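> missing the sequence, but the structure's below:
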């Protein structure tokens, strides 16, 4: 992927898509009022996430995978890893929130749009990489009337060692698996997922 698209960071709107990347990436055109499936399939759409999702058709998504921000916002001081290298926190403007309410609104906004886009019997997977945001995101999911099916624990065999030695090593990630609403019964791919996660009951 790194050979085909430039790094997406704080200057994402100014990212230049090279000629040989047009089959992989799509830069948002502000004048467009909607995007059809055949034009966006298998592409990375570069643009404001809320503006993009509002231009997509309702209930056309088969599965949604969400990797939300940590909301870690490290203090403006030098932090070193156990190897001696510097830990660079996320300092992009879009990521900086002054208040917790702003963080919550950010999460609520994208989950609201995603709920409009997914099919009625579609599930979403939210990858919670750290304890910093799991409880706030979980509450918002429930407030939006998603129905949580399971929390899946990903146990890491090679977790990053603790930096300062003042906490336990964070050895798990949590995946929240939810469906659009609690009345949904015919969940897509449930049998296959049971095989993947080796569910025995």
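Perfect, thanks for sending it. The shown structure was predicted, so the numbers you read here are calculated from the model rather than taken from an experiment. Numbers count the residues shown, from 1 in each chain.
> show me where this structure dips below the pLDDT cut-off.
Residue ranges of the chain with pLDDT under 70: 1-31, 72-77, 79-82, 87-92, 161-165, 185-201.
> burial count for the closest residue to residue 35 other than its chain neighbours?
Closest residue to residue 35 apart from its sequence neighbours, by Cβ to Cβ, 6 or more residues apart in numbering: residue 55 at 5.2 Å. For every residue, glycine as well, the C-beta is placed using N, CA and C. By the measure other Cβ atoms under 10 Å, the count of residues near residue 55 is 17.
> how about residue 115?
Residue 115: 19 surrounding residues under other Cβ under 10 Å.
> now the element after the host helix or strand of it, going C-ward?
Per DSSP states H and E, residue 115 falls inside helix 100-117. Note on helix 100-117: by DSSP H and E, the next helix or strand toward the C-terminus is strand 118-128.
> parallel or antiparallel, which strands does that following strand pair with?
Looking at strand 118-128 with DSSP bridges, its partner strands are strand 61-66 (parallel), strand 172-179 (antiparallel).
> that older thread, the helix holding residue 115 - contacts with which helices or strands?
Packing contacts for helix 100-117, counted by 3 or more Cβ pairs under 8 Å, 6 or more residues apart in numbering; DSSP states H and E, involve helix 49-54, strand 61-66, helix 134-143.
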